[in-house]
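S.K.: Give me the fold of what follows.
(chains A and B)
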Amino acid sequence: AQKITQTQPGMFVQEKEAVTLDCTYDTSDQSYGLFWYKQPSSGEMIFLIYQGSYDEQNATEGRYSLNFQKARKSANLVISASQLGDSAMYFCAMREAPSGTYKYIFGTGTRLKVLA
Amino acid sequence: GAGVSQTPSNKVTEKGKYVELRCDPISGHTALYWYRQSLGQGPEFLIYFQGTGAADDSGLPNDRFFAVRPEGSVSTLKIQRTERGDSAMYLCASSSYRETSGANVLTFGAGSRLTVL
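M.R.: Residues are numbered from 1 along each chain as shown, chains lettered A, B, ... in the order given. The predicted structure is shown next:
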């Protein structure tokens, strides 16, 4: 069974500093995808970044990068140069590649607060 | 439409009543998902449609929950005999390939907040 674990219920970071949000996953599939979503207080889930299980390079998207360590089954999100607008809930998610289902499973999230 | 639209945005009902929540996905998106999110938790998978058919309904908690997508576009999540424990945000998402990411990415609606009194 799939499982996504986010062990940090809450994190604080000073504005302009970098922060790492942890995510570990469990799957028996060889082919899968890992995603990070941001959910501001307004509630709408916003896609941030994707990493495929076969991608050899870590994904980057602007200030977001994904520290992918396949052997450790971790996919940590790194936010550089934090901004006040980064304060939100962050969810790690995994999708198995075609093996019958395209179900996306989410972790419990990390609440990030950026301090001025 | 430009985004995923969910109606109503808020629904308050009494225990035992029947509720319908509607999702209008992005035009052309064939994959549609329903999730339930309780306060302080992550989205919990309910059901996934590929076109008109439910490809995976393993997340529906019991037979009081049912979803349809008769024409492969709009979907309705139906909850019978609502219970207080059904109170949550119900999120709908549709999926499409995003070339910049090289992956199928979920685009979510704003959600329907259900409160069962």
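
S.K.: Show me the shaky parts of the chain.
M.R.: The chain I'm using is chain A. A:1-2, A:97-101 (pLDDT under 70).

S.K.: my bad, the chain I had in mind was chain B
M.R.: B:1.

S.K.: who's sitting farthest from the centroid in it?
M.R.: residue B:100 (26.0 Å; CA atoms, centre = their mean).

S.K.: Distance of that residue relative to residue A:95?
M.R.: 17 Å (CB to CB, to the nearest Å). C-beta: built from backbone N, CA, C; applies to glycine.

S.K.: Likewise for residue B:26?
M.R.: From residue B:26 to residue A:95 the distance is 18 Å (CB to CB).

S.K.: Could you look up the SS state of the residue farthest from the centre of chain B?
M.R.: Three-state assignment for residue B:100 (DSSP: H, G, I helix; E, B strand; the rest coil): coil.

S.K.: now it: how far from residue B:112?
M.R.: 29 Å.

S.K.: With residue A:81 instead?
M.R.: Taken as CB to CB, the span from residue A:81 to residue B:112 is 35 Å.

S.K.: Neighbour count: the two, which is higher?
M.R.: Shown here are residue A:81 and residue B:112; by other CB atoms under 10 Å in any protein chain shown, residue B:112 has more neighbours (22 against 11).

S.K.: If the more buried one is in a bridge, with which residues?
M.R.: residue B:90 (DSSP bridges).

S.K.: Surely it and residue B:5 touch.
M.R.: No - the pair residue B:112 / residue B:5 is not scored as a contact, 10.6 Å apart, by CB atoms under 8 Å.

S.K.: what's near enough to touch residue A:25?
M.R.: A:2, A:3, A:4, A:5, A:32, A:34, A:73, A:74, A:75, A:92, A:94 (CB atoms under 8 Å, 6 or more residues apart in numbering or on different chains).

S.K.: which residues in the chain form strands?
M.R.: Using chain A. Using DSSP state E, the strands found in chain A span residues A:3-5, A:10-14, A:19-21, A:24-26, A:32-39, A:46-52, A:60-61, A:64-69, A:74-79, A:88-96, A:104-106, A:110-115.

S.K.: wrong chain, I was asking about chain B
M.R.: Under DSSP E, chain B gives strands at B:5-7, B:10-13, B:19-24, B:31-37, B:44-50, B:53-56, B:65-68, B:75-79, B:88-98, B:103-108, B:112-116.

S.K.: which non-adjacent residue is nearest residue A:92?
M.R.: residue A:23 (3.5 Å; CB to CB, 6 or more residues apart in numbering or on different chains).

S.K.: count of residues packed around that neighbour?
M.R.: Neighbours of residue A:23 using other CB under 10 Å come to 28.

S.K.: repeat for the one 4 residues further on
M.R.: By the criterion of other CB under 10 Å, residue A:27 has 18 neighbours.

S.K.: Same question for the one 4 residues further on.
M.R.: Using other CB under 10 Å, residue A:31 has 12 neighbouring residues.

S.K.: if I read this right, it contacts residue A:94, doesn't it?
M.R.: No - with contact defined as CB under 8 Å, residue A:31 does not count as touching residue A:94 (11.4 Å).

S.K.: Now do the contacts for residue 53.
M.R.: In the absence of a named chain, this looks at chain A. Counting by CB under 8 Å, 6+ apart, residue A:53 has contacts A:29, A:30, A:31, A:32, A:33, A:34, A:70, A:97.

S.K.: um, chain B though
M.R.: If you count contacts by CB under 8 Å, 6+ apart, then residue B:53 has residue B:69 around it.

S.K.: distance of it from residue B:26?
M.R.: Residue B:53 is 19 Å from residue B:26, by CB to CB.
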